[in-house]
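Undergrad: predicted structure and sequence below. I'll ask about it afterward.
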Amino acid sequence: MRHRKNIAKLSKTSDVRRALLENLATSIILYEKIVTTEAKAKALRPFVERLITRGKVKSIHNKQILSGILPDKKAVQKVLDVLGPRYKDRQGGYCRIIKISPRVGDGALLAQIELV
């Protein structure tokens, strides 16, 4: 049965989709604000929020898990040293999605996703 399996597939295979989300997550962690399509932003939000929640507790185990997900060591260090302590008292909701105008070339709906 496929009840409640609502993953955004983004017209990509699972390995390509995972690589896309990992790279977008690295970008939003390093720059704290990116512009992408609305569908990608909606798929990215829970992915990034899980990473930041993992970074709240600075331990070797969490660092290893984050290193396995994020391809950049600077992003892992930023999650553990900056973002984890910043959101220590916040119970989720670390990302905000703001819809902006459609893209000129193909009319895709764009959104800005940023850390609160």
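TA: Great, that's in hand.
Undergrad: find me the pLDDT at the most far-flung residue of the chain relative to its centre, would you?
TA: Within the chain, the residue lying farthest from the chain centre (Cα atoms, centre = their mean) is M1, at 28.2 Å. M1 carries a pLDDT value of 87.
Undergrad: need the residue closest to the centroid of the chain.
TA: Central residue of the chain (Cα atoms, centre = their mean): V48, at 3.0 Å.
Undergrad: can you confirm that residue is in a helix?
TA: Yes. Looking at V48 with DSSP: H, G, I helix; E, B strand; the rest coil, it is inside a helix.
Undergrad: my read: it touches S27, true?
TA: No. Taking contacts as Cβ atoms under 8 Å, V48 lies outside contact range of S27: 10.1 Å. For every residue, glycine as well, the C-beta is placed using N, CA and C.
Undergrad: tell me the predicted confidence for R54.
TA: On the pLDDT scale, R54 gets 96.
Undergrad: hang on, isn't it packed against Q64?
TA: No. Assessed by Cβ under 8 Å, R54 is found out of contact with Q64, at 10.6 Å.
Undergrad: separation between the residue nearest to the centre of the chain and S101?
TA: Distance, V48 to S101, by Cβ to Cβ, to the nearest Å: 23 Å.
Undergrad: now swap in D72 and tell me
TA: For D72, the distance to S101 - Cβ to Cβ - is 30 Å.
Undergrad: which one of the two is surrounded by more residues?
TA: More neighbours surround D72 than the other of D72 and S101, with 16 against 7 (other Cβ atoms under 10 Å).
Undergrad: got phi/psi on K40?
TA: Main-chain dihedrals, K40, degrees, to the nearest 10: phi -70, psi -40.
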